[in-house]
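K.L.:
Following is a predicted model, sequence given first.
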Amino acid sequence: MEYQIKDFRTEDNKKYVGFMIKDENGNQFAIDKKVDIVDGKTDEKYVEEAMALAQSEIDEWKASTALVGKKWNPESKSFE
(Lines give C-alpha, C1' and ligand atoms only; values in the text may rest on other atoms or scores of the structure.)
Protein backbone atom coordinates (compact mmCIF):
# COMPACT_ATOMS: atom_id res chain seq x y z
CA MET A 1 0.00 0.00 0.00
CA GLU A 2 1.06 3.55 -0.64
CA TYR A 3 0.56 6.31 1.93
CA GLN A 4 0.70 9.95 0.89
CA ILE A 5 0.28 12.97 3.16
CA LYS A 6 -2.58 15.03 1.68
CA ASP A 7 -2.91 17.62 4.48
CA PHE A 8 -0.65 18.83 7.27
CA ARG A 9 -1.66 21.99 9.09
CA THR A 10 -2.52 23.49 12.46
CA GLU A 11 -6.23 23.75 13.19
CA ASP A 12 -7.83 24.64 16.54
CA ASN A 13 -4.59 24.07 18.50
CA LYS A 14 -4.23 20.60 16.95
CA LYS A 15 -2.10 19.28 14.13
CA TYR A 16 -4.42 18.16 11.30
CA VAL A 17 -2.90 15.27 9.32
CA GLY A 18 -4.58 13.85 6.23
CA PHE A 19 -3.62 10.71 4.35
CA MET A 20 -4.43 9.43 0.86
CA ILE A 21 -3.94 5.69 0.78
CA LYS A 22 -3.82 3.57 -2.36
CA ASP A 23 -3.88 -0.21 -2.40
CA GLU A 24 -2.35 -2.62 -4.93
CA ASN A 25 -5.54 -2.56 -7.06
CA GLY A 26 -5.63 1.24 -7.30
CA ASN A 27 -8.45 1.68 -4.74
CA GLN A 28 -8.06 4.90 -2.77
CA PHE A 29 -9.05 5.93 0.74
CA ALA A 30 -8.76 9.37 2.34
CA ILE A 31 -8.65 9.82 6.10
CA ASP A 32 -7.87 12.74 8.41
CA LYS A 33 -6.89 12.81 12.08
CA LYS A 34 -6.08 15.55 14.59
CA VAL A 35 -3.17 15.19 17.02
CA ASP A 36 -2.40 17.33 20.06
CA ILE A 37 0.33 19.90 19.47
CA VAL A 38 3.30 19.54 21.83
CA ASP A 39 6.42 21.74 21.88
CA GLY A 40 9.38 19.90 20.41
CA LYS A 41 7.33 17.21 18.65
CA THR A 42 8.64 16.52 15.15
CA ASP A 43 6.55 16.41 12.00
CA GLU A 44 7.36 12.71 11.74
CA LYS A 45 5.96 12.14 15.22
CA TYR A 46 2.71 13.94 14.34
CA VAL A 47 2.34 11.75 11.25
CA GLU A 48 3.16 8.62 13.24
CA GLU A 49 0.54 9.45 15.89
CA ALA A 50 -2.09 10.32 13.27
CA MET A 51 -1.40 7.03 11.49
CA ALA A 52 -1.85 5.13 14.75
CA LEU A 53 -5.21 6.85 15.28
CA ALA A 54 -6.30 6.00 11.72
CA GLN A 55 -5.03 2.42 11.58
CA SER A 56 -8.23 0.60 12.58
CA GLU A 57 -10.23 2.52 9.95
CA ILE A 58 -7.55 1.82 7.33
CA ASP A 59 -7.66 -1.89 8.21
CA GLU A 60 -11.46 -1.89 7.94
CA TRP A 61 -11.31 -0.20 4.52
CA LYS A 62 -8.67 -2.66 3.31
CA ALA A 63 -10.82 -5.62 4.40
CA SER A 64 -13.88 -4.13 2.70
CA THR A 65 -12.07 -4.01 -0.67
CA ALA A 66 -10.50 -7.48 -0.47
CA LEU A 67 -12.98 -9.00 -2.93
CA VAL A 68 -13.35 -5.99 -5.24
CA GLY A 69 -12.16 -6.87 -8.72
CA LYS A 70 -12.15 -10.65 -8.20
CA LYS A 71 -13.98 -12.83 -10.71
CA TRP A 72 -16.70 -15.17 -9.47
CA ASN A 73 -17.58 -18.44 -11.17
CA PRO A 74 -21.22 -19.26 -10.36
CA GLU A 75 -20.87 -22.81 -11.66
CA SER A 76 -17.99 -23.77 -9.37
CA LYS A 77 -19.13 -21.30 -6.72
CA SER A 78 -15.58 -20.05 -6.31
CA PHE A 79 -13.29 -17.21 -7.25
CA GLU A 80 -11.21 -17.61 -10.36
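P.N.:
Nice, thanks for sending it over. Numbers count the residues shown, from 1 in each chain.
K.L.:
Show the residue spans covered by the helices in the protein.
P.N.:
Taking DSSP state H to define them, one finds helices in the chain at 43-64.
K.L.:
Mind jotting down where the strands sit in it?
P.N.:
Secondary structure of the chain (DSSP state E): strands located at 2-11, 14-22, 28-36, 72-73, 78-79.
K.L.:
Take the ones you listed and write them to CSV, including mean pLDDT, mean neighbour count and distance to D59.
P.N.:
Placement of C-beta: from N, CA and C, glycine included. Output for the strands of the chain, formatted as CSV (pLDDT from 0 to 100; neighbours: other C-beta atoms under 10 Å; distance: least, C-beta to C-beta, whole Å):
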stretch, mean pLDDT, mean neighbour count, distance to D59
strand 2-11, 97, 12, 13
strand 14-22, 98, 17, 11
strand 28-36, 97, 16, 11
strand 72-73, 94, 10, 24
strand 78-79, 93, 9, 22
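K.L.:
Generate CSV for those, with distance to S64 as supplementary columns.
P.N.:
Shown next, in CSV, are the strands of the chain (distance: least, C-beta to C-beta, whole Å):
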stretch, distance to S64
strand 2-11, 18
strand 14-22, 13
strand 28-36, 9
strand 72-73, 17
strand 78-79, 16
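K.L.:
which one of the ones you listed lies closest to A54?
P.N.:
For the strands of the chain, proximity to A54 was assessed by C-beta to C-beta; strand 28-36 is nearest, at 4.8 Å.
K.L.:
So what touches that closest one?
P.N.:
Here strand 28-36 makes contact (C-beta atoms under 8 Å, 6 or more residues apart in numbering) with 6-7, 11-12, 14-23, 46, 49-50, 53-54, 57-58, 61.
K.L.:
6 Å - rerun?
P.N.:
The list of residues contacting strand 28-36 from outside it, by C-beta atoms under 6 Å, 6 or more residues apart in numbering, reads 14-22, 46, 49-50, 53-54, 57, 61.
K.L.:
Tell me what angle that strand forms with strand 2-11.
P.N.:
Put simply, strand 28-36 runs at 40 degrees to strand 2-11, going by axes from the mean of the first three to the mean of the last three C-alpha atoms, to 10 degrees.
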